[in-house]
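[1] attaching a predicted model along with its sequence, questions to come.
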Amino acid sequence: AQKITQTQPGMFVQEKEAVTLDCTYDTSDPSYGLFWYKQPSSGEMIFLIYQGSYDQQNATEGRYSLNFQKARKSANLVISASQLGDSAMYFCAMRENFGNEKLTFGTGTRLTIIP
Amino acid sequence: DSGVTQTPKHLITATGQRVTLRCSPRSGDLSVYWYQQSLDQGLQFLIQYYNGEERAKGNILERFSAQQFPDLHSELNLSSLELGDSALYFCASSPRFKNGRAAGELFFGEGSRLTVL
C-alpha cells in the first residue's frame, strides 16, 4: 500500500490565487512527521514546511501552510498568493518514528502558475 | 544553498561501466541518505549511513554499494550500469539527531544526473 498519496499529477493556477496541493498518508505509527518539498525545473529539492503528528497547530512558513487533518490522515499544502516562481514539482513526504529514519515520498504534483 | 555538496553534477557513461558519486553532508550532520529519482519510479530511498555505519537499506540494487568515510563524506558506487539506471541521484543529510534518532527535515544536495547510453 502507498504510504503517501498525491492524487493530483498536475495543476494550473492563476497567479495571485491560493492553491491547495493534496496529500494523504498511511501509517500505524502514532509518532510521525510530514514534510513538503519543492523541486523546480533546475532539479534541487527545497524543504518548505514540516508538521509533527503531535503538533497542536497547523504549521505555517510564510506563504506556505499545512492543513493537517489527523483523523483523515491528510496533510495538504496551501500556498497563498501564488507567484510565477511557485511553478515546480511539489512532493509530500513522511518519516515514521518507528522503523528506519528515511523519508518516504509521494509521486508529486506539478504546479504551473499562469500569469 | 543547502550545504550538501554532490559531485559530479552530470555524468554520461556507457552500459556496463562503473561510476562513483560523491557527497559531502552539511557541517555537523552525521547521517547521510541516498535517493534515486527516475521518471517512472519517483524518489526512491536507497541507503542511509550514520557516522560511518550503514543504518538502513531501501531499494538498492546489488550492483550498487555505498560507504561513509571517517570525515563523513559518502560515496555511492554504481556498477555494471544499465540504461534503466539513468536517473537523478540525491544525497541528503539530517540536521538533528535526538534520542538516538534522526529528526527534522532532510537537506538535499543538488543531485548527480547520471545518463547511461
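    Received it, and whenever you're ready, just let me know what you need.
[2] isn't residue A:106 up against residue A:8?
    No - with contact defined as C-beta atoms under 8 Å, residue A:106 does not count as touching residue A:8 (10.2 Å). The way it works is simple: take the backbone N, C-alpha and C, and place the C-beta from them, glycine included.
[3] these two: who's more crowded?
    Residue environment comparison for residue A:106 versus residue A:8 gives the larger neighbour count to residue A:106, 24 against 15, counting by other C-beta atoms under 10 Å in any protein chain shown.
[4] so what pLDDT did the more buried one get?
    We note a pLDDT of 95 for residue A:106 in this prediction.
[5] tell me which residues touch it, please.
    If a contact means C-beta atoms under 8 Å, 6 or more residues apart in numbering or on different chains, then residue A:106 has A:2, A:4-6, A:23, A:91-93, B:42 as its contacts.
[6] ok, so of those, who is nearest residue A:44?
    residue A:91 (12.2 Å; C-beta to C-beta).
[7] adjacent strands (with direction) for the strand or helix carrying that closest one?
    Under DSSP states H and E, the secondary-structure element containing residue A:91 is strand A:88-96. On the basis of DSSP bridges, the sheet neighbours of strand A:88-96 come out as strand A:32-39 (antiparallel), strand A:104-105 (antiparallel), strand A:109-114 (antiparallel).
[8] give me the mean pLDDT for whichever helix or strand comes after the longest one.
    Think strand A:32-39. Once strand A:32-39 ends, the next helix or strand along the chain (criterion: DSSP H and E) is strand A:46-52. Strand A:46-52 shows a mean pLDDT of 92 in the predicted model.
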